[in-house]
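Colleague: Next one to model:
(4 chains)
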Protein chains: 2
Amino acid sequence: MRIGELSERTDTPRRLLRYYEEQGLIVSERCTNGYRSYSEATVDRVLQVRGLLDAGLPTRIIKQILPCLDKPRAIHFPDATPEMIATLERERDRMTARIDCLARNRDAVADYLDAVISLRDSGAGGSSSDLGGQGELRERIDERS
Amino acid sequence: MRIGELSERTDTPRRLLRYYEEQGLIVSERCTNGYRSYSEATVDRVLQVRGLLDAGLPTRIIKQILPCLDKPRAIHFPDATPEMIATLERERDRMTARIDCLARNRDAVADYLDAVISLRDSGAGGSSSDLGGQGELRERIDERS
DNA sequence: AGCTTCCCTCACATCGGTGTGACGGTTCGA
DNA sequence: TCGAACCGTCACACCGATGTGAGGGAAGCT
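Modeller: Prediction:
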């Protein structure tokens, strides 16, 4: 498939597809005219890349973890140098930290929404003040990195 | 506490603390000389902000969800306009998507690491090829946004 | 042939988070 | 009283992800 179709199917500007390729996140072949040609699998790859980018990982890191993600999860581990392993372990832990932070805060937002919605549905209209209501709000302390 | 201490305790450049304040993510009082003065709670707030920033949320969004996160989780819902609620719901869902994407990929990295390490420990030294080994690698397909 | 639509490369612009330094005031200990 | 260490504002610079457009081929329709 050419870049236009890939762009549509992934909802990603062509500009960015070329950029991702330049950063080594996706690959393409070239037709006899210079057009880029992508395999079907690139669609998922692009979606994956964009998800990670959106989750705050820089292209540099994404590029490093991509080899872990290759489709048939074959047993072709590259050289797997100790530094490479250390890097992956570090990134795995950073991802875990991100997940925890996001989850905590998402839960807080969700709780807030649940409370405000049940409040609204049960009649009470106004804004601030009032203590000693019937809706119990559990504590939620967050910190992190 | 003044900005220097906050900076040390949160491992955050003063520059950024001022920036976060400018973006409305933290607040400060001012001493009689113009020095900023922070409450103890600001330490956690800064950590929280940095965690979210690191997880890919822009300050604009963080600012919007912060009211949901206030410490005693009091019942002082502000006006809570419908648009505000809609925004929060959207962000909650985006955070969930991020979490899922990160978790999937983190698990893939973790599996890869487990495999490569157990392989190394069980003797086999080399690089690529070989199919039909004893370490079963489960499939792992990811996509997303 | 001409027109439209796709593709190419190149390059400059923007935006958000961050680094850095200039320049000046305050606090405090030697 | 001097100097070090702290604070303030302002402003320019950087980097990574992204937008945008210029200038030019290639493919396909009519």
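Colleague: Would you tell me which residues of chain A are close to DNA strand C?
Modeller: A:Arg2, A:Ile3, A:Gly4, A:Glu5, A:Ser7, A:Arg14, A:Arg15, A:Arg18, A:Ser28, A:Gly34, A:Tyr35, A:Arg36 (CB under 7 Å from any atom of the strand). Quick note: C-beta positions are derived from backbone N, CA and C, even for glycine.
Colleague: The helix-or-strand element of chain A with minimal mean pLDDT near chain B at all?
Modeller: Sorting the helices and strands of chain A by mean pLDDT, DSSP states H and E puts helix A:82-121 at the bottom, at a mean of 92. Yes. Using CB under 8 Å from any CB of the partner chain, helix A:82-121 comes into contact with chain B via A:85, A:88-89, A:91-92, A:95-99, A:101-103, A:105-106, A:108-113, A:115-117, A:119-120.
Colleague: For burial, what's the neighbour tally of A:Thr96?
Modeller: For A:Thr96, the neighbour count with other CB atoms under 10 Å in any protein chain shown is 14.
Colleague: One more: A:Arg2?
Modeller: Other residues close to A:Arg2 by other CB under 10 Å number 13.
Colleague: Got the domain ranges for chain A?
Modeller: Domain assignment for chain A, taken from automatic domain parsing, gives A:1-56, A:77-124.
Colleague: just the residues of chain A next to DNA strand C now: which is nearest chain B?
Modeller: Comparing the residues of chain A next to DNA strand C against chain B with CB to the nearest CB places A:Ser7 closest, at 14.5 Å.
Colleague: What residues does the closest residue to the closest one other than its chain neighbours make contact with?
Modeller: Spatially, and ignoring its direct neighbours in sequence, A:Ser7 is nearest to A:Arg14 (4.9 Å; CB to CB, 6 or more residues apart in numbering or on different chains). Applying CB atoms under 8 Å, 6 or more residues apart in numbering or on different chains, we find A:Arg14 in contact with A:Ile3, A:Gly4, A:Ser7.
Colleague: before we move on, what about A:Tyr38?
Modeller: By CB under 8 Å, 6+ apart, the residues touching A:Tyr38 are A:Met1, A:Arg2, A:Ile3, A:Leu6, A:Ile26, A:Ser28, A:Glu29.
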